[in-house]
Each structure stands twice: as C-alpha cells, then as structure tokens.
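**Q** Have a look; sequence and predicted model below, questions after that.
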Amino acid sequence: MANRNMRNTTKVEAMIESCRSEGKWQRVIDLTDELKTGSPHNAECLANFLVGEARLENYLEDNAIAAADSTFGRAKSGLADARRFLNLALGESGHKAGIALDAYLLLAKLCFACGEYEASLENFVKAELNTLAEKELTLRSLKILAESYAIKGLCLEQQTSKPSSKFKKAEKDIEMISCFERASDLGLLYLQEYDIISGSSSSNNTTSGSTLNVNASSVHSSGSSFAISSTIPASGSGLEANRRMGAILETALQRAPIVLIKTGKLQEAVERYRIMLNAIETRATQSLRLTLARQLAEVLLRGVSGTIYAPPFAGIAVGGTLRGGLSKKLWKPRKYAARQQFAPRNQQEEVILLLLIAEALAVRDTVLSQSPEFRQARQHAMGNVTAVYDLLALATVRWGLVQLLNESFEKALKFSFGEQHVWRQYGLSLMAAEKHAHALRVLQESMKLTPSDPLPCLLASRLCYESLETVKQGLDYAQQALKREVKGLRPSRSQLFVGIGHQQLAVQSNLKTERDACNKLALEALERAVQLDGNDHLAEYYLSLQYALLGQLGEAMAHIRFALALRMEHAPCLHLFALLLTASRRPREALGVIEDALHEFPDNLQLLHVKAHLQLHLEDAETALSTVQHMLGVWRDVYEAQLAGEDEKHSDTKSGIHLAHSSQMSDKDSNSVYAASLAAVSRVEQALSEAASSLSSFTQRPGPRRPWMLQIEIWLLLADVYLRIDQPNEALNCIHEASQIYPLAHQIMFMRGQVHIYLEQWMDGKQCFLNAVAANPNHTEALRALGETHLIMGEPRLAEKMLKDAAKLDPSCPKIWFALGKVMETLTEFHASADCFATSLQLEPYCPVLPFNSIPLVFE
C-alpha cells in the first residue's frame with residue numbers, strides 16, 4: 001500500500017512539474033490537493049509554494065507590469081493571496097524542503113510587480129542572490145534566476161533615494177550593470193536550453209534535489225522525492241507556451257547596454273551588444289536580434305569615432321575552441337565560433353554587416369498581404385524595415401556605397417506597395433548613384449503616392465535642370481510643386497524652382513522674343529520667391545544672377561551683397577560676386593574675393609577656374625599656369641580615388657558617342673546636332689570621320705561623366721595658358737590628353753583650331769572650327785573664331801554670316817560685335833561697321849571675364 005502511494009505521489013509530482021513548465025498554472029493549483037493526499041507529512045509546505053507561484057505567474061500573464069500607482073494598487077490586491085502562500089512556504093519546513101530560496105526570489109518578483117522596490121531588494125538579500133555559485137540549472141530555474149537578476153537591476157534603477165557619495169553611486173552603478181549583464185546571459189542561456197530540449201526526443205529526465213538551492217552545502221532529504229526545480233520533460237509541444245522570454249527578460253536584454261551608455265561606458269556597451277549578438281540564435285530571440293543589431297549600428301554611427309573604435313574579438317585568439325571548451329562558464333550563453341568565421345576589421349565593415357543582418361531579419365517579418373485584418377502587423381513590420389533602411393542610407397552614403405543601398409531598396413519594393421517613404425528614399429539613392437533617368441521614374445511614382453506633397457516634384461525638377469537637361473519638363477514639375485503648396489508652408493522654394501526653369505529656358509532660347517518672354521517670367525518668379533522668404537539666400541542669389549543676365553549690374557550687385565549677408569560662406573554667391581566685380585572693371589578686387597573664397601573652399605575647381613582666367617586677364621600668365629597645374633592636383637585628390645573603384649560601365653544610358661556636353665563647358669545647350677541646317681549635317685559627318693582614328697583607341701572612362709568633363713576643361717584651360725606664354729607644343733600635348741578622355745568634345749576641336757591659328761595654319765584652323773560648329777552649332781566662341789578666320793583668308797561674306805549667327809546667339813558679347821565691325825569695314829559698309837564698333841564699346845565695360853551663365857546650377 002505504501003509503495004502504491006509513493007508511485008502515485010511521483011506521478012503527481014511529474015504532472016505538476018509538467019504543468020509548471022507549460023504555464024498551466026490553474027492545473028498546478030488543482031493538482032496540489034492530490035499532492036497533499038499522496039505525501040501528507042511534507043505536502044503542506046510544497047502546496048503553499050506551488051499555489052503562491054501559480055497565482056503570481058497567472059496574475060502577471062493577465063496583467064502587464066507597469067510603473068503606475070493605479071497598476072500597483074491593483075497588483076497589491078490581486079496578489080494578496082499569492083503573497084500569503086509564499087510567506088507560508090518560508091518556514092522551517094520550507095528550508096528543509098529546499099524551496100526557501102525559490103520562495104524569496106518569487107516574493108521579490110511579487111514586490112516588484114506591486115512597486116515595492118525596497119522590499120524586493122530585501123528579499124534578494126535574504127535569498128543571498130549575490131553569493132550564488134555557478135552550477136547546472138534546469139530550465140525553470142534558469143528563468144527564475146534570470147528574472148531575479150533583471151528585477152534586481154530594475155529595482156536599483158528605480159530607487160528614489162540618492163547615494164550619499166559618488167563612491168556609493170559608483171558601487172550602485174556597478175551592481176546594477178552586473179545584474180543586467182547576468183540577467184541577459186542567463187536569459188539567453190535559458191532560451192538556448194529551451195531550443196535544445198524542444199528539439200530533442202520526448203524523454204523524461206529527472207533529477208533529485210533542488211537545483212536552484214545552489215548555495216546550500218547539502219540538499220535536505222525528505223520523505224518526498226519531489227523537487228521544486230526538477231528537470232522539465234522535453235516535450236516540444238508542452239513547452240510551446242513557455243517559449244517566449246517574457247517582458248522582464250526582454251527588458252533586461254535591452255537595458256544592459258543602455259545602462260552602460262548612460263554611465264559613460266560606451267566601449268563596454270558595444271561589447272555587451274556584441275556578446276548578445278554573437279550568442280547562438282534561438283526562435284525567441286529573432287525579433288530581439290533585429291532590435292539589438294539596429295541599436296548597435298546606431299551606436300557605432302553616432303557615438304563611436306574611428307579613433308576609439310576597437311574591432312570585435314580583438315583579444316580572442318583565432319584558434320579558440322568551438323562553441324566553448326574546457327573553460328566554458330555554466331551561466332554564459334553559447335556563442336558562435338568557427339575557424340572560417342568572418343570578423344569585421346573596421347567600423348565600416350561592422351556597421352554595414354549589422355545593417356545587412358538587420359535588413360534580412362526585418363524583411364523576413366514583412367507582411368505581404370494587403371488585407372485590412374493585417375494592417376497593424378504590416379505597419380509594425382514596415383516601421384522596423386524603414387528604421388533599418390534609414391540607418392543603411394546614412395551609412396552607405398557616408399562611405400560611398402550607394403550601389404549597395406540601391407540593391408537593398410530594389411528588394412524592398414517587393415513589399416513596399418504604397419509606402420511613399422521607401423519610394424522616396426529609393427529615388428534619392430538613385431540620384432546619389434547618378435542613375436538620373438531611373439531616379440526620375442521612381443520620383444514620378446512617389447508623386448502619385450503623395451499627391452499633396454511638393455517635395456517629390458521639386459526633386460524631379462532639380463533632376464531635370466541639373467542632370468537630364470530637360471528644362472521644360474523640370475519647369476512643369478516645379479509648377480506642379482507650386483500648385484501643391486496649399487498650406488503655404490514654404491512656397492518660396494517652389495517659386496524659386498519656377499524662376500530657375502524660366503531662367504534656363506531664356507539662356508537656351510535662340511529667338512529674341514522667346515528669350516525676352518522667358519526673362520520676364522523668370523524675373524517675376526524670382527522676385528516673388530524673395531518676397532515669400534526674405535531670408536533665403538538662394539532666392540537672392542538667383543535674382544542677382546537674373547539681373548546680371550539682363551545687364552542690370554547695379555541691381556545684381558545689391559542682391560548678391562544681400563545674399564552674402566544671409567550666408568557669407570556660399571561658394572556660388574562668391575563666384576557671382578567676383579564676376580560682377582569684373583563686369584564693373586574691378587578685376588583685382590575680384591581676384592581678392594576669389595582668393596579669400598579659396599581659403600574656405602580650397603578644393604572648389606570653379607573658383608580656381610575663375611582665378612586662372614582673372615590672372616590671364618591681368619596679364620599674369622605664369623601665375624595662371626601654376627593655378628591650372630594646381631587644379632589638376634585638386635582634381636586628382638578629389639576624384640581619382642572615387643573613379644578608381646568604379647566599374648567599367650556608364651552611369652547613365654548615354655553612350656560615348658552621344659555623351660552630351662557639360663553645361664560648365666558650353667555657352668548654350670544643344671539637344672541635337674541635327675537641329676542645324678542640312679549643310680551642318682555634312683560637316684558633322686566630316687568631323688566624325690576625322691575623329692575616327694581617335695575613336696579606334698577610345699574607351700569610355702568609368703564612373704560619372706562630370707569629373708571627366710571637368711578634367712577636359714582643365715586640360716583645355718592649360719592649353720590656353722601655354723598659348724599665352726608662346727608654348728604651342730605644350731598646348732598640343734594638353735589637347736592630346738583631353739582627347740584621350742573624349743575626342744568628340746567640340747571644345748577640344750575649338751582649342752585645336754586655336755593652336756593652328758597661333759601657328760598661322762589657317763586652313764587647318766578653319767577646318768577645326770568647322771568641326772566644332774558641326775558638333776555644337778550653338779558654340780559662339782567657335783562661330784566667332786571661324787568668322788575671324790574667314791576674314792583673314794579673304795572670305796568676308798562667310799565671315800559676316802558666321803559672326804551674325806554668333807551675335808544672334810549671344811548679343812551681349814563685345815568681341816563678336818568688334819569682329820563683325822571689322823568685317824563690315826572690309827566690305828566698305830562703314831555705317832554698319834560704326835554701329836558694330838559702338839555696340840562693342842557699349843557692351844565692353846559690363847562684360848565679365850567669364851559669362852554669367854558659366855556658373856553651374858546650385859540648389860543648396
């Protein structure tokens with residue numbers, strides 16, 4: 001009979017332990033009556049403990065812990081019975097049964113839920129939590145102990161009484177950090193052990209004695225073989241309810257590095273993040289791993305500079321044991337370790353690796369269904385993805401890895417239907433990668449997703465103005481943006497973009513009536529932009545530029561001074577100010593302005609370009625030579641490393657033959673060489689045939705085209721300087737270097753013609769000018785040089801035709817009118833010649849050293 005009762009008691013104990021593991025707390029309470037019947041002499045203490053534990057856990061499952069007075073009051077009343085039963089388990093019988101330690105830890109948890117932080121800490125002292133020695137623990141014991149360390153750390157953090165001295169405060173901080181670190185280690189170990197047990201065969205392994213009573217010298221035996229923390233049966237389905245770590249452990253895992261950061265221990269916080277991320281992943285930590293990876297990447301981006309950065313595992317030998325070894329600690333989580341494991345070597349690699357891992361985790365959790373019932377889950381998942389992509393954008397743009405960002409956004413589009421933020425970021429990344437046509441299409445989609453937001457329209461307008469050379473399309477987008485400014489938050493910027501569009505159309509227009517109409521609309525739009533925002537330096541800058549293009553230098557000077565007052569360190573404003581000084585016959589003052597600007601912007605090639613031209617204008621060719629040579633060095637420093645890593649492919653859809661000329665290197669834009677007359681077509685064919693030998697060895701340079709076009713400009717300026725100091729052979733060498741980059745550039749043909757004219761090779765010079773005009777019929781300098789060559793060769797009527805065409809394109813150039821006056825004088829048309837000379841004299845005092853429209857577009 002006694003043996004039968006013992007067998008029944010063992011069976012009840014196993015059922016109770018199974019229910020504790022599965023979180024079936026009501027069933028645990030029901031089984032305590034059977035436990036009392038099977039072992040009456042020791043069951044009362046065990047039953048009190050089990051009922052107290054069950055009621056505590058049952059309440060916390062239904063009511064989340066929150067730091068509010070109303071919540072604490074409700075918890076005190078709801079946990080009164082649990083507190084009474086746990087206190088009953090603290091008697092002498094509880095110590096004999098080995099459950100006193102468990103009861104103290106659960107009482108501390110109960111006090112924490114009731115907001116009694118000091119009482120919770122007192123229970124931890126009674127449990128001697130700080131003196132526990134490491135030993136093997138069961139799954140339930142691991143969770144209780146991990147939560148105990150977490151609760152102690154949270155109680156120390158919530159303590160209202162301040163330490164009496166800084167030493168006491170330091171001791172408290174150290175103890176709090178230690179509790180959070182132990183809680184995170186034990187929590188991760190608990191989840192790893194759960195995965196191992198749930199994946200193994202369903203065999204029942206039992207252990208006698210209390211495994212939680214780790215500081216007891218011996219286990220007190222009793223008539224019952226029941227152990228409070230006995231090994232849990234390895235049933236995967238039975239453990240499913242206990243699979244999650246719980247709010248307390250999750251808070252501890254996230255608080256551990258944050259507390260280190262708050263106490264100024266940034267490097268220790270980074271190491272804590274790395275330890276948690278290097279722990280073997282479990283099913284319960286997958287979402288947490290995403291949060292930790294994102295937070296560590298943010299810490300490395302924002303708080304760690306390259307000088308204090310230490311790579312991970314720097315102090316660990318490469319030949320370490322796999323997944324622990326003889327030196328393994330019992331309360332440390334298992335870690336990934338392998339001989340071929342990748343370890344980041346620098347900050348850039350670690351941040352990118354973390355963000356790619358976070359991206360993979362976030363993308364895996366995205367919800368593809370657009371059904372209304374999944375709306376909340378879809379928004380939560382998209383919030384995680386968006387946060388990762390924002391950090392990835394910051395990191396990749398900082399280190400020039402825009403292509404990687406593009407690939408990530410391309411994958412994101414699969415689950416980003418209707419997500420305007422992702423589409424806009426994708427468009428910006430394409431703009432940064434100089435994939436302009438693709439970026440425009442993406443921004444068009446972004447416009448549809450946000451019909452009231454003007455920003456995508458402004459970005460598309462800038463793209464058309466700056467890169468695609470489709471000014472009319474850009475003006476349409478700017479006008480759309482202006483219509484979307486219903487709230488009037490900042491309509492001045494939309495108005496400014498409208499003015500820029502009209503201004504560029506006026507520069508490109510060949511018809512006087514059309515040019516005058518565009519100039520009038522541009523002036524009205526820019527004045528309106530200044531009225532809407534009087535503190536916008538960019539509006540003042542473009543208004544000054546518009547007045548300069550109209551020849552009203554006084555108004556232009558007043559507005560550029562006001563723009564500089566708003567923002568003194570603005571390179572385009574200083575550039576325009578210098579040109580206005582040269583137009584006012586103050587070249588030395590302009591040179592001083594440029595030199596001062598170069599102290600602030602030493603790598604600005606546009607300012608160096610103006611400086612070289614000013615030095616040539618002041619007959620200081622030797623100094624100009626050193627300036628242009630310095631420009632080559634600056635180009636090498638700024639662009640060479642960037643272009644060295646580019647693939648051998650075009651950044652846009654244009655081929656080498658159809659590469660459009662840069663706006664910085666031409667007087668006016670030309671959409672097609674076929675826009676000229678039929679006679680020009682034959683000249684194009686002749687020019688292309690002459691360049692065929694150069695094309696046979698020509699390969700398109702890798703990377704964006706703008707840096708290469710800037711280098712062509714520098715080589716041709718250097719050739720011009722060599723001609724000024726009577727070194728034509730050096731000038732030809734510079735032209736040869738430029739032709740290696742792009743032999744069909746009309747500027748190269750023009751400069752080669754200049755060298756032939758210097759050498760009095762009139763026929764060769766004439767042919768070069770014809771080639772330049774064939775490649776770009778709107779190149780006024782080539783038209784003027786061709787007209788002057790025709791005059792020298794005794795062809796005044798052809799010279800008259802070329803110079804009149806040039807005057808139609810650029811009526812404000814005094815050199816064209818002066819050359820035309822000489823032609824008319826040769827033709828004995830003295831009245832017309834006098835008019836031309838008078839026009840030249842009238843324009844010359846207001847002519848800058850470089851055209852005003854040579855300043856590149858600026859939007860910042």
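**A** Cool, the structure landed. Just so you know, these numbers come straight off a predicted model, no measurement behind them.

**Q** and Ile792, how many neighbours?
**A** As a burial measure, Ile792 scores 14 neighbours (other Cβ atoms under 10 Å). Heads up, the C-betas are built off the backbone N, CA and C, glycines and all.

**Q** Tell me if I'm right that it and Met763 touch.
**A** No. Look at Ile792 against Met763 with Cβ atoms under 8 Å: they stay out of range, at 11.0 Å.

**Q** Using CSV, write down the CA coordinates of the helix or strand where Cys155 lies.
**A** Assessed by DSSP states H and E, Cys155 sits inside helix 139-158. Only the C-alpha atoms of helix 139-158 are listed here, as CSV (Å, rounded to 0.1, in the frame of the first residue of the first chain):
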residue,chain,number,x,y,z
LEU,A,139,15.1,25.3,-17.5
ARG,A,140,12.6,26.7,-14.9
SER,A,141,15.4,27.5,-12.6
LEU,A,142,17.3,29.4,-15.3
LYS,A,143,14.3,31.6,-16.0
ILE,A,144,13.6,32.3,-12.3
LEU,A,145,17.2,33.2,-11.7
ALA,A,146,17.5,35.3,-14.9
GLU,A,147,14.3,37.2,-14.0
SER,A,148,15.6,37.7,-10.4
TYR,A,149,18.8,39.4,-11.7
ALA,A,150,16.8,41.5,-14.1
ILE,A,151,14.3,42.6,-11.4
LYS,A,152,17.1,43.5,-9.0
GLY,A,153,18.7,45.7,-11.7
LEU,A,154,15.4,47.4,-12.4
CYS,A,155,14.8,48.0,-8.7
LEU,A,156,18.2,49.6,-8.3
GLU,A,157,17.5,51.8,-11.3
GLN,A,158,14.1,52.8,-9.9
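
**Q** Run through the neighbouring helices and strands of the helix or strand just after it.
**A** Remark: after helix 139-158, the chain's next helix or strand is helix 166-199, criterion DSSP H and E. Contacts defined by 3 or more Cβ pairs under 8 Å, 6 or more residues apart in numbering; DSSP states H and E place helix 166-199 against helix 139-158, helix 247-262, helix 266-278.

**Q** Please spell out which residues along stretch 92-100 are buried.
**A** Neighbour-count burial for stretch 92-100, counted by 16 or more other Cβ atoms under 10 Å, picks out 93-95, 97-100.

**Q** Would you mark the buried spots in the helix or strand Leu482 falls within?
**A** In this assignment (DSSP H and E), Leu482 forms part of helix 471-484. Buried residues in helix 471-484, counted by 16+ other Cβ under 10 Å: 471, 473-482, 484.

**Q** circling back to that earlier point, and the helix holding Cys155, what does it pack onto?
**A** Secondary-structure packing of helix 139-158 (3+ Cβ pairs under 8 Å, 6+ apart): helix 2-22, helix 100-113, helix 117-126, helix 166-199, helix 247-262.

**Q** Quick one: mean pLDDT over the longest one.
**A** Same thing as helix 166-199. For helix 166-199, mean pLDDT is 86.

**Q** between that helix and helix 139-158, how many degrees?
**A** 150 degrees (axes from the mean of the first three to the mean of the last three Cα atoms, to 10 degrees).

**Q** in helix 166-199, what counts as buried?
**A** Going by neighbour count (16+ other Cβ under 10 Å), the buried part of helix 166-199 is 173, 176-195, 197-198.

**Q** After the helix holding Leu482, which helix or strand is next?
**A** Moving toward the C-terminus from helix 471-484, the next helix or strand (DSSP H and E) is helix 491-508.

**Q** what's the angle from the helix or strand following that next one to helix 491-508?
**A** Counting by DSSP H and E, the next helix or strand C-terminal to helix 491-508 is helix 512-532. With the same axes, to 10 degrees defining the directions, helix 512-532 sits at 160 degrees from helix 491-508.

**Q** quick one, which of the helices and strands packed on helix 166-199 is packed in tightest?
**A** Highest mean neighbour count of these: helix 139-158, a mean of 24 (counted as mean count of other Cβ atoms under 10 Å).

**Q** Give me the helix or strand of this protein that scores worst on average pLDDT.
**A** For the chain, the helix or strand with the lowest mean confidence is helix 678-690, at a mean of 46 (criterion: mean pLDDT, DSSP states H and E).

**Q** just checking, Phe577 touches Leu564?
**A** Yes. Shown here, Phe577 and Leu564 form a contact pair, counting by Cβ under 8 Å, at 6.5 Å.

**Q** what about these two, which has more around it?
**A** Shown here are Phe577 and Leu564; by other Cβ under 10 Å, Phe577 has more neighbours (23 against 20).

**Q** if we can go back for a sec, okay if I get the buried residues of helix 471-484 as CSV plus distance to Ser287?
**A** Supplementary listing: the buried residues of helix 471-484 in CSV, determined by distance: Cβ to Cβ, whole Å:
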residue, distance to Ser287
Val471, 50
Gln473, 45
Gly474, 45
Leu475, 48
Asp476, 46
Tyr477, 41
Ala478, 44
Gln479, 47
Gln480, 42
Ala481, 40
Leu482, 45
Arg484, 39
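
**Q** Could you find the lowest-pLDDT member of the residues you listed?
**A** Among those, Arg484 carries the weakest pLDDT, at 87.

**Q** What separation is there between Glu136 and Arg274?
**A** When distance is defined by Cβ to Cβ, to the nearest Å, Glu136 is 27 Å away from Arg274.

**Q** just His95 next, same as before
**A** Distance of His95 to Arg274, computed by Cβ to Cβ: 42 Å.

**Q** Kindly report the same for Ala597.
**A** Taking Cβ to Cβ as the measure, Ala597 falls 46 Å from Arg274.

**Q** swap in Lys329?
**A** Taken as Cβ to Cβ, the span from Lys329 to Arg274 is 17 Å.

**Q** How about Arg74?
**A** Taking Cβ to Cβ, one finds Arg74 at 40 Å from Arg274.

**Q** just Glu92 next, same as before
**A** In this view, Glu92 and Arg274 are 47 Å apart by Cβ to Cβ.

**Q** next one: Trp635
**A** Noted for Trp635: a distance of 41 Å to Arg274, by Cβ to Cβ.
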